[in-house]
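Chemist: this one's sequence-less:
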């Protein structure tokens, strides 16, 4: 995914991506957020998660390390925090060509549910989404889900379903344990 360089609006470390998603929605940001997990920052992990927004509503997700977009990119990003998050502002016209990539799109409330674990924020995001992003049938379903609880897969469930990611974490932990054992001469 290629995005024009936006104007840096904010850069900080957060423990919960929900805070960033709520802030973006409140400020109706048009642009994108770059999420770097502690794994990337401290352990030389690969990749960053990018979420684009129009008027505070998520449109696309992409993970640079796995080269996956859409809902799978959210699963790649759903790792324990903290995260270094940089927010960039762009003109809506600068996002038009990127937002044509259907395979990178996510439903408006999905980042709040999968990354933030916050059904109320997801509902607020769906309400803020334009009708073209959430057809009326989906709005009715979203309202019913709000009463019955979320039906989308949680971040934990998505993580546990990704056997490749679990195996990679196990391998990384084994490698780190061997290195520590060598350093401590065990």
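Modeler: Sure, I can see it. Fair warning: this is a prediction, and the values are worked out from it, not measured in the lab.
Chemist: so where do the helices sit in this structure?
Modeler: Applying DSSP state H to the chain gives helices spanning 17-27, 38-42, 71-77, 92-95, 110-114, 119-128, 136-148, 155-161, 163-183.
Chemist: so which of those gets nearest residue 4?
Modeler: Nearest to residue 4 among these is helix 92-95 (4.9 Å), distances taken as C-beta to C-beta. Backbone N, C-alpha and C define where each C-beta goes, glycine included.
Chemist: list the buried residues for the closest one?
Modeler: 94, 95 (16 or more other C-beta atoms under 10 Å).
Chemist: if you count contacts, what does it end up packed against?
Modeler: strand 49-54 (3 or more C-beta pairs under 8 Å, 6 or more residues apart in numbering; DSSP states H and E).
Chemist: and the strand it packs on with helix 17-27, angle?
Modeler: Here the directions of strand 49-54 and helix 17-27 differ by 20 degrees (axes from the mean of the first three to the mean of the last three C-alpha atoms, to 10 degrees).
Chemist: pLDDT of strand 49-54, averaged?
Modeler: For strand 49-54, the mean pLDDT works out to 93.
Chemist: parallel or antiparallel, which strands does it pair with?
Modeler: strand 31-37 (antiparallel), strand 57-63 (antiparallel) (DSSP bridges).
Chemist: contacts for that strand, please.
Modeler: Residues outside strand 49-54 that contact it (C-beta atoms under 8 Å, 6 or more residues apart in numbering) are 1, 3, 24, 29-37, 58-64, 73-74, 76-77, 92, 95, 98-99, 111.
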